[in-house]
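Enquirer: For reference, the sequence and a predicted model appear below.
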Amino acid sequence: MSRFISSAICALFVCSICSTVASATDLAAGKTLFDANCAACHKTGLGGAPKLGDKAAWAPRIAQGIEVLVNHADNGYDGKTGSMPAKGGTTLTTAQIGDTVNYMAEQSK
Ligand code: HEC
């Protein structure tokens, strides 16, 4: 029994390492994509874009849920502060937009 428990704990531990690595990889991809495609507006606040790392600007946005943010970034969004062009005017895939939005939210909370 105790052997079962310890191997179960071990499996859980290995799993948690896996998911940490997976999300770190996505966030790293998101950073690269952000720097190349989104920084022009989201580093400077151009046109009313919420700046990376601006917790006050991001808190109510993050509160909508990550799916809403990804959807807005993917399809475009006219909000209270300005206009977010669909995919930031790029041809990124929805998965790439997802990585990038996760990175942005992670850096801004
Ligand atoms: C031309 C400038 C511009 C570019 C480039 C741009 N954005 Fe935006 N983005 C905006 C503006 C302006 C807003 C604020 C819209 C509002 O809430 O009024 C915004 C808002 C957002 C939001 C918040 C949406 C919400 O529901 O609050 C996300 C997420 C986002 N952008 C992601 C991205 C990603 C990812 C990229 C790069 C692929 C990108 N943006 C590129 C201007 C830009």
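Expert: Sure thing, it's come through. Numbers count the residues shown, from 1 in each chain.

Enquirer: C-alpha from now on. contacts and neighbour counts both.
Expert: Fine.

Enquirer: Now the protein against the ligand: closest residue?
Expert: Here the chain gets closest to the ligand at one residue, Gly79, 3.0 Å apart by C-alpha to the nearest ligand atom.

Enquirer: Close to the ligand: what parts of this structure are there?
Expert: Within the chain, the positions adjacent to the ligand are 34, 37-38, 40-41, 47-50, 61, 69-70, 72-73, 78-84, 87-88, 97, 100-101 by C-alpha under 6 Å from any ligand atom.

Enquirer: Those residues, buried ones only, as a ChimeraX selection?
Expert: Here the buried members of those are turned into a ChimeraX selection, burial being counted by 16 or more other C-alpha atoms under 10 Å:
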select :34,37,38,41,49,50,69,70,72,73,84,87,88,97,100,101
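
Enquirer: Which ones among the residues of the chain next to the ligand lie within strands?
Expert: Among the residues of the chain next to the ligand, DSSP state E puts Asp78, Ser83, Met84 in strands.
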